[in-house]
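# Dropping the sequence and predicted coords here.
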Amino acid sequence: MNKFLLTASAAAFALAASAGYAAARDQVQIAGSSTVLPYAKIVAETFGETFTDFKTPVVESGGSGAGIKEFCKGVGDNTIDIANSSRKIKEDEVKSCVSAGVKDIQEVKIGYDGIVFATDIKGPDWALTPADIYKALAAKVAVDGKLVDNPNTKWNQVNPNLPDWDIAAYIPGEKHGTREVFEEKLLIAGCEESGGIEAAKASGLDEKAAEAACKAVRKDGKAVDIDGDYTETLARIDSNKTGVGVFGLSFYENNADKLKVATVGGVTPSTETISSGEYPVSRPLFFYVKKAHLGVVPGLKEYVEFFLDDQMIGPDSPLADYGLVAAPDAERQEQRDAFTAGKTM
């Protein structure tokens with residue numbers, strides 16, 4: 001990290017000469033994904049220790065959707081500089097940004113993560129499929145070719161190989177990027193496997209409406225939205241030993257003394273099975289940079305460059321040690337080159 005130390009003082013001096021809101025706010029502000037949160041905190045803390053001329057960035061959670069919404073409020077010292085996200089920014093969110101004056105957005109992919117199902121460490125082994133998850137948690141399921149209100153109350157009604165436990169699942173709330181990946185790769189995929197898409201279309205729904213029906217989650221208390229971060233989900237499992245929680249792989253790995261992870265489609269989630277593509281429920285992780293704040297907010301450019309260095313996101317980095325699945329070498333270099341070139345969406 002010596003190369004960062006050599007340029008930090010000079011960069012800080014140049015930025016200190018900037019007028020306007022750089023003087024009003026001299027600290028990078030970040031919010032968003034609870035999945036990206038621990039990674040961003042590690043980078044921010046290490047950045048603060050390395051770049052003594054810059055303040056340690058402030059990193060907050062709130063969920064991908066909430067972070068992007070905050071990011072898109074406009075440009076200026078009362079708006080955040082970076083939005084962390086566990087899913088790609090949506091087209092309508094980009095339009096919202098542009099309408100508020102955030103016209104230049106730089107997308108940065110930091111690596112990959114997996115979504116896992118886990119139970120209390122003392123519970124039995126679990127082997128799930130997307131179809132099991134759909135049949136347990138969807139509002140309506142396919143029965144004899146028709147969509148009906150979900151009748152399942154126990155996991156062994158969904159699949160006789162699963163425990164005789166009341167269905168109680170703690171899933172990411174709708175403001176979290178993890179929820180969208182959960183819906184697409186588990187609920188919709190499970191719906192297709194179970195004939196739910198066909199049943200929905202047979203009832204007169206078009207493709208889009210059929211998918212919406214597939215991913216609608218039951219509201220009878222069997223599936224509980226968690227709007228906080230994964231620590232809240234862990235607390236729910238701790239208080240209900242037969243509950244099932246949805247976590248990011250890195251959070252599970254750092255709490256493996258408390259949790260037992262389920263296989264999905266016969267594959268155990270790990271950095272190896274995610275990087276190979278074998279584990280079916282993985283996703284890229286991002287953050288979005290407000291280009292108008294670069295060169296204005298002290299340390300913002302340096303923080304992004306620091307984050308993208310292999311010392312932070314490479315296969316032997318502290319983020320990889322925490323659970324981030326490093327992107328391939330060429331992809332990491334592509335991200336660095338795109339940021340340096342000022343490439344925007």
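Everything's here; your move.

# Low-confidence stretches in the chain?
Along the chain, segments meeting pLDDT under 70 span 1-24.

# Name the single longest strand found in it.
strand 105-120 (DSSP state E).

# Helix or strand next in line after it, which one?
Following strand 105-120 in sequence order, the next helix or strand is strand 127-128 (DSSP states H and E).

# Sheet partners, orientation included, of that following strand?
According to DSSP bridges, strand 127-128 forms sheet pairs with strand 263-264 (parallel).

# Using PDB, write down the CA coordinates of the longest strand of the chain.
This file holds the C-alpha atoms of strand 105-120, laid out as PDB (Å, rounded to 0.1, in the frame of the first residue of the first chain):
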ATOM      1  CA  ILE A 105     -22.800   7.500 -12.600                       C
ATOM      2  CA  GLN A 106     -19.800   5.200 -12.500                       C
ATOM      3  CA  GLU A 107     -20.500   1.600 -11.900                       C
ATOM      4  CA  VAL A 108     -17.900  -0.500 -10.000                       C
ATOM      5  CA  LYS A 109     -18.100  -4.300  -9.700                       C
ATOM      6  CA  ILE A 110     -16.100  -5.500  -6.700                       C
ATOM      7  CA  GLY A 111     -16.600  -9.300  -6.900                       C
ATOM      8  CA  TYR A 112     -19.300 -11.900  -6.200                       C
ATOM      9  CA  ASP A 113     -21.300 -13.300  -3.300                       C
ATOM     10  CA  GLY A 114     -23.800 -16.200  -2.800                       C
ATOM     11  CA  ILE A 115     -27.200 -16.200  -1.100                       C
ATOM     12  CA  VAL A 116     -27.500 -19.100   1.400                       C
ATOM     13  CA  PHE A 117     -30.200 -20.700   3.600                       C
ATOM     14  CA  ALA A 118     -29.100 -21.500   7.100                       C
ATOM     15  CA  THR A 119     -30.600 -22.800  10.300                       C
ATOM     16  CA  ASP A 120     -29.400 -23.100  13.900                       C
END
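
# Now find how far off-centre that strand is within its chain.
Mean-position distance between strand 105-120 and its chain equals 5 Å (Cα atoms, centre = their mean, to the nearest Å).

# Without its sequence neighbours, what residue ends up closest to Pro318?
Spatial nearest neighbour of Pro318, chain neighbours left out: Ile42 (5.6 Å); criterion: Cβ to Cβ, 6 or more residues apart in numbering. Where C-beta positions appear, they are placed from N, C-alpha and C, glycine not excepted.

# got the contact list for the one you found?
Met312, Pro318, Leu319, Tyr322 (Cβ atoms under 8 Å, 6 or more residues apart in numbering).

# same thing with Ala138?
Contacts of Ala138 (Cβ under 8 Å, 6+ apart): Asn150, Leu187, Gly190, Cys191, Gly196, Cys214, Lys215, Ala216, Val217, Arg218.

# which SS state does the residue nearest to Pro318 fall under?
What DSSP: H, G, I helix; E, B strand; the rest coil gives for Ile42 is helix.

# now swap in the one 10 residues further on and tell me
At Thr52, secondary structure determined by three-state DSSP is coil.

# can you count the residues close to it?
Neighbours of Thr52 under the rule other Cβ atoms under 10 Å: 11.

# next one: Leu324
Neighbours around Leu324, by other Cβ under 10 Å: 27.

# Which residues are in contact with the residue nearest the centre of the chain?
Closest residue to the average C-alpha location of the chain: Ser86 at 2.6 Å, with Cα atoms, centre = their mean. Contact analysis of Ser86 by Cβ under 8 Å, 6+ apart lists 33-36, 64, 113, 176-178, 181, 248, 283, 285-286.

# Now it: phi and psi?
Ser86 adopts backbone torsions of phi -100, psi 20, taken as degrees, to the nearest 10.

# Next: Arg236.
According to degrees, to the nearest 10, Arg236 has phi -70, psi -40.

# now swap in Thr35 and tell me
phi -70, psi -40.

# thinking Leu205 is in contact with Cys214, fair?
No - with contact defined as Cβ atoms under 8 Å, Leu205 does not count as touching Cys214 (9.9 Å).

# Please say which of those two ends up with more neighbours.
Taking other Cβ under 10 Å, Leu205 and Cys214 do not tie; Cys214 has more neighbours (28 against 17).

# name the element that one belongs to?
Short version, using DSSP H and E: Cys214 is in helix 207-215.

# by contact count, what packs against that helix?
Contact analysis of helix 207-215 by 3 or more Cβ pairs under 8 Å, 6 or more residues apart in numbering; DSSP states H and E lists helix 189-193, helix 196-202 as its packing neighbours.

# Skip ahead from it and say which helix or strand is next.
Assigned by DSSP H and E, the successor of helix 207-215 is strand 223-226.

# for that following strand, which positions count as buried?
Buried residues in strand 223-226, counted by 16 or more other Cβ atoms under 10 Å: Ala223, Val224, Ile226.

# Likewise for stretch 224-244?
Within stretch 224-244, the residues that count as buried by 16+ other Cβ under 10 Å are Val224, Ile226, Gly228, Asp229, Tyr230, Thr233, Leu234, Arg236, Ile237, Asn240, Gly243, Val244.

# same check, this time on stretch 314-332
Across stretch 314-332, burial judged by 16+ other Cβ under 10 Å covers Gly314, Pro315, Ser317, Pro318, Leu319, Ala320, Gly323, Leu324, Val325, Ala326, Ala327, Arg332.
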